[in-house]
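Participant: this one's sequence-less:
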């Protein structure tokens with residue numbers, strides 16, 4: 001790790017005491033990424049294909065709910081499959097997290113792409129657990145999958161060296177998406193008592209810190225998910241987030257014991273990996 005990387009994190013990271021929590025912004029580390037890297041981009045894609053009321057055209061969950069209500073859930077899933085159909089190209093960060101010498105026990109990835117799973121694909125000792133929509137799976141909160149994409153039972157997760165947790169679902173291997181207002185209502189009704197959080201995730205997070213990368217916390221959904229996933233871990237966490245924070249983000253960081261690292265994500269990842277990173281944002285600029 002280079003001198004740019006915050007030294008106080010290095011030891012915890014090497015010892016496996018850090019849980020990376022990836023948001024859609026990590027895809028901006030790939031200048032040629034082919035899938036949406038923000039809720040704003042995703043909602044533009046799906047509303048370009050289906051007409052929704054103007055007042056909700058920029059609201060991903062509300063637009064998704066409208067499509068689900070008036071065009072059917074299958075239409076919504078089809079639009080998401082199209083948006084995320086691009087072949088995953090792992091970034092330097094994804095490859096680093098997949099191949100650290102002391103394998104990470106848990107990686108949280110709160111977006112719908114399959115890039116992190118693609119980076120882990122060369123290993124047979126990982127599996128993933130994904131949030132699923134109750135609109136499609138009426139009695140389930142999550143589904144488990146082995147490294148080869150086949151369905152697994154919850155008990156198998158204890159034997160995986162690395163667990164990839166996709167709380168919002170993923171395009172692969174089974175196109176699970178928590179995205180509409182009703183999807184979130186189902187989860188948030190129970191998340192305070194931790195019902196939708198997988199047991200193995202609860203076990204691994206104990207005594208560990210979370211490191212938020214490519215995440216924003218501007219709305220209540222983003223904050224609620226993060227708050228409940230890191231519940232009963234430690235009281236100190238970290239977030240790489242450059243520039244001005246919203247008032248809600250500032251309050252959330254203070255309440256949750258999140259230390260903000262104010263630097264570009266690409267710079268942080270370069271320090272973490274020892275490799276220069278050309279981000280999509282830099283390429284556009």
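Facilitator: Structure received. None of these values were measured; they are calculated from a predicted model.
Participant: Strands along the chain, start to end?
Facilitator: In the chain, the segments counted as strands under DSSP state E are 18-22, 106-109, 126-131, 142-146, 151-152, 162-166, 169-170, 176-177, 209-213, 237-240, 258-261.
Participant: so which of those comes closest to residue 250?
Facilitator: Comparison of the strands of the chain against residue 250 by CB to CB identifies strand 258-261 as nearest, at 8.7 Å. Any C-beta I mention is one placed from the backbone N, CA and C, and that applies to glycine too.
Participant: What is that closest one packed up against?
Facilitator: Counting by 3 or more CB pairs under 8 Å, 6 or more residues apart in numbering; DSSP states H and E, the packing neighbours recorded for strand 258-261 are strand 237-240, helix 247-256.
Participant: quick one on the thing from earlier: wait, which of the strands of the chain is closest to residue 79?
Facilitator: That would be strand 176-177 among the strands of the chain, by CB to CB, at 9.9 Å.
Participant: which stretches of this protein have low pLDDT?
Facilitator: Within the chain, the stretches with pLDDT under 70 are 1-7, 279-285.
Participant: residues making contact with stretch 215-226?
Facilitator: 21-23, 25, 61, 110, 167-168, 184, 188, 191, 210, 212, 239, 241, 246, 248-249, 252-253, 256 (CB atoms under 8 Å, 6 or more residues apart in numbering).
Participant: cutoff 6 Å now
Facilitator: 23, 167, 184, 246, 249, 252 (CB atoms under 6 Å, 6 or more residues apart in numbering).
Participant: Same check on stretch 155-174?
Facilitator: 84, 103-104, 106-110, 112, 114, 116, 125-131, 145, 149, 176-178, 200-201, 225.
Participant: My read is that residue 96 contacts residue 274, right?
Facilitator: No - counting by CB atoms under 6 Å, residue 96 does not reach residue 274; the two are 9.2 Å apart.
Participant: Between the two ends of stretch 166-175, what distance do you get?
Facilitator: Stretch 166-175 has an end-to-end distance of 12 Å (CA to CA, to the nearest Å).
Participant: Return the set of buried residues in it.
Facilitator: Judged by neighbour count using 16 or more other CB atoms under 10 Å, the buried positions of stretch 166-175 are 166-173, 175.
Participant: Check stretch 240-247 too.
Facilitator: Residues 240-241, 245 are the ones in stretch 240-247 that count as buried (16+ other CB under 10 Å).
Participant: do stretch 258-277 as well
Facilitator: Buried residues in stretch 258-277, counted by 16+ other CB under 10 Å: 258, 260-261, 263-273, 277.
Participant: That'll do, ta.
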